[in-house]
Every structure is written in structure tokens, then in C-alpha cells.
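Q: Any chance you can model this:
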Amino acid sequence: MTVQSCLDRLKDFESYQQNWCDGNYGEPINKDSINIAKHLISNVKNHQYVFVYPTLSGGVEVSFIKYSRDISIDIYTKPNSIDIWVDVFTDGSSDVNFIYENIPYSCVEQITNFITKLL
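A: Numbers count the residues shown, from 1 in each chain. Okay, the predicted model is just below:
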């Protein structure tokens with residue numbers, strides 16, 4: 001997807017209500033998670049493709065792809081912090097994963113730089 005199509009899709013996520021998936025599953029997508037995803041998509045450079053997905057627990061998954069490397073980031077927000085799960089795949093195999101919990105919102109730019117360097 002293009003950056004713009006991902007940003008448009010994130011806008012759609014704002015309207016997701018309780019049980020958006022098959023009428024039985026899915027928490028509303030958290031607006032802070034959407035905003036952090038927008039920031040990452042707009043500012044992480046050096047990727048070929050980017051994709052966004054809603055998560056059933058109300059978060060957002062962003063995947064950046066460059067050649068054979070896929071970096072998948074799950075974003076879950078709380079009132080005062082962010083939890084981020086990062087999986088790095090090369091040629092379809094998981095190389096490494098990171099879980100960062102209780103990150104202050106003020107660290108979003110550092111996360112953006114970190115993801116850019118992984119690509």
C-alpha cells in the first residue's frame with residue numbers, strides 16, 4: 001500500500017465500533033494507537049511497502065517491508081503510555097522480536113528512528 005492509502009485506512013479505523021469483526025469480536029480501535037501509527041507511517045523512511053491492520057484488542061499493526069525484511073509493529077496505548085511489540089522477519093523467518101511496555105508518549109520519535117534503522 002502507499003503511505004496515503006494507509007493513512008486513509010487508518011481514518012476508517014476511527015469508525016470501528018465494539019464487535020467490528022464478524023459482529024462478535026473486536027474492540028474499538030484506540031485513537032491514540034491510530035495517531036501513533038499515522039506518525040510512524042508518515043515518518044519512517046526507506047521502506048518499499050507499508051501495510052496497516054486493526055487488532056482485535058483495539059490496537060493497530062503497522063508492517064514496513066524492504067526487500068526481504070518485514071518489520072511488524074503492534075501498537076497498544078494506555079492512558080499514559082504505549083506498549084509496542086516489534087517483530088523482524090527476514091525471508092519469512094522471525095529473526096528477532098522486542099516487547100516494549102509502558103513507554104511514555106514522548107518517546108514516539110525515538111521509536112520512529114529505531115524502526116528506520118532496522119530497515
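
Q: where along the protein do the helices fall?
A: Applying DSSP state H to the chain gives helices spanning 3-13, 31-43, 108-118.

Q: Ranking helices and strands of this protein by mean pLDDT, which lands last?
A: strand 93-103 (a mean of 83; mean pLDDT, DSSP states H and E).

Q: what angle separates that one from helix 108-118?
A: Per axes from the mean of the first three to the mean of the last three CA atoms, to 10 degrees, the angle that strand 93-103 makes with helix 108-118 is 170 degrees.

Q: Just the CA atoms of strand 93-103, as CSV, please.
A: These are the backbone C-alpha positions of strand 93-103, laid out as CSV (Å, rounded to 0.1, in the frame of the first residue of the first chain):
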residue,chain,number,x,y,z
SER,A,93,11.6,-16.3,9.2
SER,A,94,11.4,-14.4,12.5
ASP,A,95,14.8,-13.1,13.3
VAL,A,96,14.1,-11.2,16.5
ASN,A,97,11.2,-9.7,18.5
PHE,A,98,11.1,-6.9,21.0
ILE,A,99,8.4,-6.0,23.5
TYR,A,100,8.5,-2.5,24.9
GLU,A,101,5.9,-1.8,27.7
ASN,A,102,5.0,1.4,29.4
ILE,A,103,6.8,3.7,27.0
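
Q: counting contacts, what elements does it pack onto?
A: Here strand 93-103 touches strand 82-90, going by 3 or more CB pairs under 8 Å, 6 or more residues apart in numbering; DSSP states H and E. Where you see a C-beta, it was placed from the backbone N, CA and C, and this is true even at glycine.
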